[in-house]
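# Sequence and predicted model, in that order:
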Amino acid sequence: MIVALAGGTGGSKMVHGLALANGQRDLSAIVNTGDDGEFFGLLVCPDLDINLYCLAGVVAERGWGYADDTFHCLEGLSTYGREAWFGLGDRDLATHIHRTLLMRDGARLSDVVEDLRARLGVEARVMPMTDDPVRTIITTPSGERRFQEYLVRDGAREEIDSIRIEGLDAAAPAPGVLECIRDADLIVIAPSSPIVSIGTILGVPGVREAVAARRDRVIGVSPIIGGAPVEGPAQKFLRGAGYAECSARQMAEIYADVCATFVIDASDEAEAGAIEALGVRPVLTDILMPDRQARERLARVVIEAAG
Ligand code: FO1
């Protein structure tokens, strides 16, 4: 069994690649829920949905939401003066309505994900990192922002003073998370943000220790190439968490206690020695994943590198 720790857009590409390379039946994904939030009374779980839609083959080309969706409901809400900056498509809204109704009837988030998984025909196991509410709060010089407000509404323009993950200390790993980590043949840390995606998953009490106990079977993939994030404002999140450096080496250092092998882009060869000095084995390859061929190829390199 391959187990992936993943955030949203970057993470889902790796999860998809692992599914293409190794099949969905032997794949589990443990997914960040710190980006979750309530919109119009509905619980929206972007990273879980992105991974589910990706594995179901229905994700939109842009990497989130449902392919070929329309936005009539959101336009209608905007007519009534409601804030419509978060692109909830009509088909996507069905997911959030269904999830919210199930949870209103007492279902746990992990029960809901299992229901969505089965109904969307996804064979891989997809798990929230926790069933407990966890919310990433970003503090900028002009105040506190919910994660999606900072990222989408405000376009991640402001510098970050601090990042708080509300509810994390009291959260328990979702059912199956620790067992999956314990029994995995291989654990892949996807190229998601080490701060607000993977850092959040590892921050669920007990998870970092469980992954560290399997360190020899853990392989990470860098989200940074040439000192810049492959996608998203990773640099701002790193600075907000107190890391001045944005490099593959810095990523390897953040993960040094939990991963024995780290895949970096071939163009970052100059950092390989410094990564080795951290006690982490660097593996060099092309880590960009612009299409499904590239995702599958990278996944094969990751699986082979782990031996
Ligand atoms: N990202 C955007 O950049 N703009 C959006 O309007 C937007 C809407 C959205 C709706 C549902 C969903 O599941 C994801 C959505 N995302 C959107 C992606 C999301 O903000 C982030 O990419 C993830 O939270 C980061 O992993």
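Everything's here; your move. All of these numbers come straight from a predicted model, not from anything done at the bench.
# what residues are up against S110?
When contacts are counted by C-beta atoms under 8 Å, 6 or more residues apart in numbering, S110 touches M127, P128, D131, A174, P175, G176. C-betas here are computed from N, CA, C, even on glycine.
# gap between it and the ligand?
Distance, S110 to the ligand, using C-beta to the nearest ligand atom, to the nearest Å: 18 Å.
# Near the ligand, which residues of the protein are found?
Taking C-beta under 6 Å from any ligand atom as the measure of proximity, the chain contacts the ligand at 7-9, 35, 44, 46-47, 49-50, 64-65, 86-88, 92, 148, 151-152.
# Swap in 8 Å and give it another go.
Within the chain, the positions near the ligand by C-beta under 8 Å from any ligand atom are 7-11, 32, 35, 44-47, 49-50, 53, 62-65, 85-89, 92, 147-148, 151-152, 192-193, 197, 232.
# Tell me which of those fall in helices.
The helices, defined by DSSP state H, take in T9, G10, G11, P46, D47, D49, I50, Y53, D92, F147, Q148 from those.
# wouldn't the fourth one be in contact with G63 here?
Meaning P46. No: counting by C-beta atoms under 8 Å, G63 is not a contact partner of P46; they are 10.5 Å apart.
# shared neighbours of the two, anything?
What both P46 and G63 touch, as defined by C-beta under 8 Å, 6+ apart, is the set G8.
# neighbour-wise, which of the two wins?
Between P46 and G63, counting by other C-beta atoms under 10 Å, P46 is the more crowded of the two (24 against 15).
# Find me the pLDDT at that one, would you?
pLDDT for P46: 98.
# where in the chain is pLDDT low?
Scanning the chain for pLDDT under 70 picks out no residues.
# By proximity to the ligand, which residue of it wins?
The minimum distance from the chain to the ligand, using C-beta to the nearest ligand atom, falls at G8 (2.2 Å).
# was I right about that residue contacting I50?
Yes: applying C-beta under 8 Å, one finds G8 in contact with I50, separated by 4.5 Å.
# intersection of neighbour lists for these two?
G63, W64.
# before we move on, the earlier item: residue contacts, the residue of the chain closest to the ligand?
G8 sits in contact with N32, D35, P46, D47, I50, N51, G63, W64, S192, S197, where contact means C-beta under 8 Å, 6+ apart.
# Run a quick neighbour tally on the residue lying closest to P233 once chain neighbours are set aside.
Counting by C-beta to C-beta, 6 or more residues apart in numbering, P233 lies nearest to A156, which is 3.9 Å off, once chain neighbours are set aside. A156 has 19 neighbouring residues, counting by other C-beta under 10 Å.
# before we move on, what about D131?
D131 sits with 22 neighbouring residues when counted by other C-beta under 10 Å.
# again, but for the one 5 residues further on
Applying other C-beta under 10 Å, we find 29 residues neighbouring T136.
# is it in a bridge, and if so with what?
Beta-bridge partners recorded for T136 (DSSP bridges): I165.
# wouldn't it be in contact with I163 here?
Yes: T136 is within contact range of I163, at 6.6 Å (criterion: C-beta under 8 Å).
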